[in-house]
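Asker: below is the structure, and that's it, no one-letter string:
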């Protein structure tokens, strides 16, 4: 990290310190400590180098590199970094070293703009703990800039994993890795079990010591054949984590999952993933349909919390999944609890946008969760009667407020086929469908009500809610940002749980009252729209549109004349294009990036202006 003075709040992932309720504030304070430790950790150490044409008997210098990554994984000491040259490494790496709080992380990363490929072609997947990178009971490790691919099995009950963390590991960072074609092709058993795989897996298997202080940031996971498992999973005794700015797509089961109560940890009192932030991820093309473990069933969530607690899920974009976000417990007598789902875009998902509660009466409950300021559009595309949001078995003491629900031609806003629905508060939402006010439907405690007035009168819900078009920018793309005339503006309820930022990282509650939905809009107070006054601060705005298929606009503001560099990088850190490299006047600036010459994927844009710097993430879909 550059040695610059900076505001800690600006350096944290947006939303880390944004929730003022007591439980989440405690988590946020712990995250501040985590990031201060990351910032202040010394990084003095020895650089080493690996090249596929090297020799493990070499000293590991740039001129005389080692040949295998495993050599580095057996040799490095705290503070050391190994730079792996581009090329194909047909090996699995068991990391047998740890960094330390005093002397720094041990870092495994790509060399300059080159891409090292950890390739599993032809490697056997053993019975037991394994991974292309395997970390067991190690600490202060960074893995950055690798492509990890082609790790497969066709054997029942054998589980290939791209990056696997287990035991009581802590202070692990996984950054900007591209993980794909991790696959199980095993036939399932008579119970449809026995086929499993993961792109990234974090398993807290001990107690009371947890896996903790985990950062999974900027990775791309795709083309994964997962069987009964998940693309990115945290399971068991895992605490204090950030999963942000990742892109997960083209998977045949759950995209990102946070699990409890599966007897992963040795003590059931600690067997619960908890106290984390899930922000800024893009998840799409997630379905279990055709997966041998599920047959013709659509049940895969883009982001799923199964038995976790105290987790903030915010500013994510999820589309073309079976379920956008699901917060539930599969274990009878156990609850998923204190989950805050806020400021997310959820659209074109097959079953529903948000699901909560057990999928049948043999499952557990969803309790004390907050579903606030989300925008849901055209979900339940299968028109199976689930609606934009689905309340399943045993939902208790949850808050559903400030959300936009824009239904498809089925016109079902809420699905709730179970009567076990207690003390759930639903209000200050905005509903709309093309069929209109009197023909739209809401299901509540297994009764379907037609018409907004009928539903409100019968249930007591939504006394302050609206039925009106939200005035989205574009329904075709779709672009779910609000237009100036939107009735969602200044129509919500100011709650502590809404957080400080909207889907784009812009400040919440402009104009005194929070807007309904994931986007906060105010023509007079949005610093990127009000160009009549000079800005007093430096800021980088999320690109728009995002995702995009050809051209996107990046906006920033400067409070003084500065030399500005705005550049595009791919997920391995390779420079793609320089958009700005000159002195720029005070004010508001928009820069267009035409991506004609690059392929689909995740890209990062970095803005440097004097002593300030900021990084954003964009998704190109062609």
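Answerer: That came through, no problem. Note that the structure is a prediction, hence the values are computed from the model and not measured.

Asker: just the pLDDT for residue 533.
Answerer: Predicted confidence (pLDDT) for residue 533: 50.

Asker: distance-wise, check the one residue sitting closest to the centre of the chain relative to residue 353.
Answerer: Taking Cα atoms, centre = their mean, the centroid of the chain lies closest to residue 281, which sits 3.3 Å from it. Relative to residue 353, residue 281 is positioned 16 Å away (Cβ to Cβ, to the nearest Å). Every C-beta, even on glycine, is put in place using the N, C-alpha and C of the backbone.

Asker: coming back round to it: residue contacts, the residue nearest to the centre of the chain?
Answerer: Going by Cβ atoms under 8 Å, 6 or more residues apart in numbering, residue 281 touches 243, 244, 245, 246, 247, 248, 256, 303, 316, 317.

Asker: what segments of the stretch 1-150 of the chain are strands?
Answerer: 47-50, 81-84, 87-89, 93-95, 106-110, 116-119, 133-136, 139-144, 147-153 (DSSP state E, counting those that start in this stretch).

Asker: what pLDDT, on average, does the third one get?
Answerer: For strand 87-89, mean pLDDT rounds to 98.

Asker: show me what that strand is packed against.
Answerer: Under the contact criterion of 3 or more Cβ pairs under 8 Å, 6 or more residues apart in numbering; DSSP states H and E, strand 87-89 touches strand 116-119.

Asker: for residue 392, give me its contacts.
Answerer: By Cβ under 8 Å, 6+ apart, the contact list for residue 392 reads 328, 355, 356, 357, 358, 359, 363, 416, 417, 418.

Asker: now the spatially closest residue to it that is not a sequence neighbour: how far from residue 514?
Answerer: Distances taken as Cβ to Cβ, 6 or more residues apart in numbering place residue 357 nearest to residue 392, at 3.5 Å, with adjacent residues excluded. Separation of residue 357 from residue 514 (Cβ to Cβ) stands at 26 Å.

Asker: tell me where the stretch 201-350 of the chain has strands.
Answerer: 211-217, 220-224, 232-236, 238-244, 247-251, 256-259, 274-279, 282-286, 301-306, 309-314, 317-321, 323-328, 335-342, 345-347.

Asker: can you check the stretch 401-550 of the chain too?
Answerer: Assigned by DSSP E, counting those that start in this stretch, the strands in the stretch 401-550 of the chain fall at 404-406, 414-415, 421-422, 425-427, 430-432, 441-444, 447-450, 466-467, 472-474, 479-482, 539-540.

Asker: turn these into TSV, columns for mean pLDDT.
Answerer: Listed next are those as TSV, based on pLDDT from 0 to 100:
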stretch	mean pLDDT
strand 404-406	98
strand 414-415	98
strand 421-422	96
strand 425-427	98
strand 430-432	98
strand 441-444	98
strand 447-450	98
strand 466-467	98
strand 472-474	92
strand 479-482	93
strand 539-540	83
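
Asker: look up the pLDDT of residue 572 for me, please.
Answerer: What the model reports as pLDDT for residue 572 is 76.

Asker: now do the helices in the chain.
Answerer: Taking DSSP state H as the test, the helices found in the chain are 8-11, 22-40, 69-75, 452-459.

Asker: weakest of these by average pLDDT?
Answerer: What stands lowest among the helices of the chain, in mean pLDDT terms, is helix 8-11, with a mean of 30.

Asker: identify the bridge partners of residue 355.
Answerer: residue 326, residue 390 (DSSP bridges).
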